[in-house]
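next come a sequence and a model predicted from it.
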Amino acid sequence: MSYQNIIPITKPFRTPVGQAEFEFTGDWGKLQTFLKYMGGGSRSRGIKRDIAKAQRDFLFKYRLAIAGGLASGGVSIGGAFAGHKAGYREGRDPVGVRSGNYLRALRNLKITQKGYIVSLNFSRGDLHTKSRPNKGGYILSKYAGIFEGGSSRQVARPLWKQTFTHIGGGPALIKKIRGSVQKRLGRMGIRISK
């Protein structure tokens, strides 16, 4: 599909399509199909579904990697976590999993979708569980924050960020979405140049 001889008019562009001339060459039926497809209504639902599916697939990989990252002490996501600071009383566990409640919460993460919005959420109640239930430990939401960002007593172990980077981060997600959209447009006979 191509276009030639676009002639701009010097009037203000209130109606830009009406102020340009097009000479049609090639198969412009595909363009009309594409514009209808992108224009909304039921035709645009397919592409939204494809984007949502690509996000779900990415989050599924992320969910597996993040639990594996904690269980391996960071090794499976590209680098071992720093050890405990000197004098840390719970130093027997170099990873910081303690009772296993944080790891269990990560394995319980749910991928949800409302409309075309995809999210990764902790299961109900998991973040209010204490990291050491019988010893008055922090609730897991606070424990996870300390684990991620560190504290005056403990070094940071950026599990979420390190996992996201390890599986490719934003570029990998965009590539997955783009591939999904390209596949759908390819079935319509439309090719997106790289």
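Sure, I can see it.

please parse this protein into its domains.
Using automatic domain parsing, the domain parsing of the chain gives 2-39, 47-173.

need the least confident one among those, by mean pLDDT.
Ranked by mean pLDDT, the domains of the chain bottom out at domain 2-39, with a mean of 53.

how close does the closest residue to K48 other than its chain neighbours sit to A54?
In this structure, K48 finds its nearest non-sequential neighbour in Y116, 4.4 Å apart by C-beta to C-beta, 6 or more residues apart in numbering. C-betas here are computed from N, CA, C, even on glycine. Per C-beta to C-beta, to the nearest Å, Y116 is found 11 Å from A54.

the more surrounded of the two?
When Y116 is set against A54 and neighbours are counted by other C-beta atoms under 10 Å, the residue ahead is A54, at 21 against 14.

element containing the more buried one?
Assigned by DSSP states H and E, A54 belongs to helix 45-71.

following that helix, which helix or strand shows up next?
For helix 45-71, the succeeding helix or strand toward the C-terminus, using DSSP H and E, is helix 101-107.

would you mark the buried spots in that following helix?
Neighbour-count burial for helix 101-107, counted by 16 or more other C-beta atoms under 10 Å, picks out 101-103, 105-107.

which one of these is nearest to Q162?
Nearest to Q162 out of the buried residues of helix 101-107 is L106 (C-beta to C-beta; 13.5 Å).
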